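K.L.:
Next come a sequence and a model predicted from it.
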Amino acid sequence: MTPPFDPAGLARRALPLLDLTDLSDTCTASAVATLCDRARASGVAAICVWPQFVSASAAALTGSGVRIATVINFPAGGEDIERAVEDASEALADGADEIDLVLPYRAFLAGDAATPRAMVEALRDICDRGRLLKVILETGALASPDRIRAASRLALEAGADFIKTSTGKSAVSATPEAAEAMLGVIRAHSGARPPGLKISGGLRSVADAATYLDIADRIMGPDWVRPETFRLGASSLHAQLVAALEPSA
């Protein structure tokens, strides 16, 4: 028998897993300051912002325990490894704790596995001292479970700490089918430490969060999900989770 849906319980579980995000084209310093205030107040795992806002975000969140994530090679997923390394190095120097790198997925789809692997390896070399490398596969473009699994294996073998579904800028973002394919690869991975999964793109409701948590619990076991292994990347979801915790009138 399916247990009753508990929005408040789900929100308490999901909020600490959230990468509270503003990657809008119109994002401003004022909007990022507000984002940091919301992150500090609700105890999310991280914020995810454009590189130019990393330094201010790191200052605003000092001592909060909230990590600073930023995006590199985003959203196009180009093939310029040197530029990706330069941009990531600058973001890390500014205080980023986590780099969300877009895999050169078009190159991968064209049969070039060497360029995506080299880019991930190059950023792996500079993400050290507890700083995470999360690789965005753009699963909507990869489309098939077999391609998603192949890209997941490539990213993990090249040193990714997390694999992530989407930029949120594509026509198709996260799907349950993509999450299942990625978790299957994570479960089979034999690296030195267990890699994680970040679901990003199209998460808007408490029920959406529940869908992906249920998949992770089923495939990885009920004790696997924690901020070190599972993230939900979203902006509008935060308000829904906070609202679910508020007592009914």
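P.N.:
It's in.

K.L.:
Relative to residue 96, how far out is residue 168?
P.N.:
Residue 168 is 19 Å from residue 96, where distance means Cβ to Cβ, to the nearest Å. C-beta: built from backbone N, CA, C; applies to glycine.

K.L.:
do residue 50 as well
P.N.:
Taken as Cβ to Cβ, the span from residue 50 to residue 96 is 11 Å.

K.L.:
Give me the more crowded residue out of those two.
P.N.:
Shown here are residue 50 and residue 96; by other Cβ atoms under 10 Å, residue 96 has more neighbours (29 against 17).

K.L.:
Over to the residue sitting nearest the centre point of the chain. Which of the three states is it?
P.N.:
What sits nearest the mean C-alpha location of the chain, by Cα atoms, centre = their mean, is residue 198, with 3.9 Å. Residue 198 falls in the strand class when you classify it by DSSP: H, G, I helix; E, B strand; the rest coil.

K.L.:
Please report the distance of it from residue 134.
P.N.:
6 Å.

K.L.:
overlap in contacts of those two?
P.N.:
100, 162, 163, 164, 231 (Cβ atoms under 8 Å, 6 or more residues apart in numbering).

K.L.:
Bridging across strands, which residues link to the last one?
P.N.:
Translated: residue 231. Under the criterion DSSP bridges, residue 231 forms beta bridges with residue 198.

K.L.:
Low-confidence ranges, this protein, go.
P.N.:
1-3, 248-249 (pLDDT under 70).

K.L.:
Which stretches in it count as helices?
P.N.:
For the chain, the helices defined by DSSP state H occupy 7-14, 29-42, 54-60, 81-94, 105-109, 114-126, 139-142, 145-157, 176-188, 206-220, 236-245.

K.L.:
now those as JSON lines including distance to residue 227 and mean neighbour count?
P.N.:
JSON lines is the format used below for the helices of the chain (distance: least, Cβ to Cβ, whole Å; neighbours: other Cβ atoms under 10 Å):
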{"stretch": "helix 7-14", "distance to residue 227": "11", "mean neighbour count": "18"}
{"stretch": "helix 29-42", "distance to residue 227": "13", "mean neighbour count": "16"}
{"stretch": "helix 54-60", "distance to residue 227": "18", "mean neighbour count": "19"}
{"stretch": "helix 81-94", "distance to residue 227": "20", "mean neighbour count": "17"}
{"stretch": "helix 105-109", "distance to residue 227": "26", "mean neighbour count": "19"}
{"stretch": "helix 114-126", "distance to residue 227": "21", "mean neighbour count": "18"}
{"stretch": "helix 139-142", "distance to residue 227": "22", "mean neighbour count": "23"}
{"stretch": "helix 145-157", "distance to residue 227": "19", "mean neighbour count": "20"}
{"stretch": "helix 176-188", "distance to residue 227": "16", "mean neighbour count": "19"}
{"stretch": "helix 206-220", "distance to residue 227": "13", "mean neighbour count": "18"}
{"stretch": "helix 236-245", "distance to residue 227": "14", "mean neighbour count": "17"}
